[in-house]
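need a 3D model of the following:
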Amino acid sequence: MGAGVTLPALEALLAEERLEVLGGFALRPGEEGFPAGTRTLLLLGPKEPGFWTHLKTQPEWGGPDPVDRWSRRVIGRIACDLAAKALFPFGGPPYHPFYQWAVRTGRVWDSPVRLLVHAGQGLMVSFRGALALKEVVEVPPPVAKPCEACAAPCLTACPAGALTGTGYDVPACHAWLDRAEGAECLSGACLVRRACPVSQSYARLPEQSAYHMRQFHR
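Here you go, the predicted structure:
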């Protein structure tokens with residue numbers, strides 16, 4: 001894919017790897033903190049259904065850090081094809097400010113429990129990387145924040161009281177996961193993330209959530 005890339009063409013290319021554009025924004029003239037020449041930043045994440053099944057067929061699976069290594073290879077290759085720069089939320093410190101970038105898209109927000117919530121993926125949102133493009137590319141338009149009309153079940157879903165509107169008590173979360181009662185969270189995904197109505201309509205496999213929970217609780 002050469003110059004003049006369009007969002008539909010890019011989405012079709014990403015879909016081959018079960019990825020999608022979760023949001024993006026145009027840079028302001030003279031804005032710093034991005035690769036030289038960047039005019040558009042697009043955030044990429046898993047496209048469901050199908051992402052996890054696809055990932056498990058890739059050569060990185062079975063080795064160390066398969067998700068991150070796959071992301072580097074695939075998104076790096078796509079970036080090269082577009083004469084763009086691939087950026088990742090891992091590999092630091094220092095780390096790129098994906099949280100701030102996500103909120104800037106108008107399709108991802110700070111949720112009542114402070115985790116990011118996405119218009120289509122809810123609290124299950126995850127970013128595999130970003131493309132810093134040297135051309136102006138159409139980005140998905142901002143939409144209404146789903147939390148505005150939500151009863152916020154996420155605020156009371158954590159059985160350990162570790163994830164609430166006041167923040168995230170990580171030690172309390174790990175302590176809960178060490179207990180027998182924490183098995184449901186460890187094997188089926190965080191109950192707070194699952195409580196989000198938008199998350200419930202997103203086709204993420206419990207197997208994928210369990211994998212990430214195990215990585216978190218090592």
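
just for this protein, where's the confidence low?
Scanning the chain for pLDDT under 70 picks out the ranges 1-3.

give the residue farthest from the middle of it.
Distance from the C-alpha centroid of the chain peaks at Ala180, with 29.0 Å (Cα atoms, centre = their mean).

tell me, what residue is most central in this structure?
By Cα atoms, centre = their mean, the chain has its centre lying nearest to Ser126, at 1.7 Å.

give me the element that one is part of.
Using DSSP states H and E, Ser126 maps to neither a helix nor a strand.

residue contacts, it?
Shown in contact with Ser126 (Cβ atoms under 8 Å, 6 or more residues apart in numbering): 45-46, 212. The C-beta positions use only the backbone N, C-alpha and C, and glycine is treated the same way.

of those residues, which is the most crowded?
Neighbour counts for the contacts of Ser126 peak at Pro46, which has 26 neighbours (criterion: other Cβ atoms under 10 Å).

what sits against it?
Pro46 neighbours (Cβ under 8 Å, 6+ apart): 18-20, 52, 126, 128, 204.

distance check, it against Glu135.
Per Cβ to Cβ, to the nearest Å, Pro46 is found 25 Å from Glu135.

what does Ala151 give?
Distance of Ala151 to Glu135, given as Cβ to Cβ: 42 Å.

of those two, who's got more company?
Glu135 (14 against 9).

just give the closest residue to the more buried one, not the sequence neighbours.
Spatial nearest neighbour of Glu135, chain neighbours left out: Arg39 (5.8 Å); criterion: Cβ to Cβ, 6 or more residues apart in numbering.

what's the distance between Leu116 and Thr6?
Distance, Leu116 to Thr6, using Cβ to Cβ: 27 Å.

who has more neighbours, those two?
Between Leu116 and Thr6, counted using other Cβ under 10 Å, the more crowded position is Leu116 (19 against 11).

what does that one show for phi and psi?
phi -70, psi 140 (degrees, to the nearest 10).

show me the longest helix that occurs in this protein.
helix 66-81 (DSSP state H).

so which residues make contact with the helix or strand just after that one?
In the C-terminal direction, the helix or strand that comes right after helix 66-81 (DSSP H and E) is strand 85-87. Residues from elsewhere that reach strand 85-87 (Cβ under 8 Å, 6+ apart): 35, 38, 41, 72, 75-76, 78-79, 96, 129-132.

equivalent analysis for stretch 101-120, please.
With Cβ under 8 Å, 6+ apart, stretch 101-120 has contacts from 22-25, 41, 43, 45, 99, 123-125, 127, 130, 139-143, 145-147, 152, 154-155, 163-165, 167-168, 192-193, 196, 198, 202.

restricting to C-alpha, output the helix or strand where Cys173 lies in CSV.
Per DSSP H and E, Cys173 falls inside helix 170-177. Extracted in CSV, the C-alpha atoms of helix 170-177 (Å, rounded to 0.1, in the frame of the first residue of the first chain):
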residue,chain,number,x,y,z
VAL,A,170,-3.3,-3.6,43.0
PRO,A,171,-2.1,-5.5,46.1
ALA,A,172,-5.7,-6.1,47.2
CYS,A,173,-6.4,-7.5,43.7
HIS,A,174,-3.5,-9.9,43.8
ALA,A,175,-4.4,-11.0,47.3
TRP,A,176,-7.9,-11.8,46.2
LEU,A,177,-6.6,-13.8,43.2
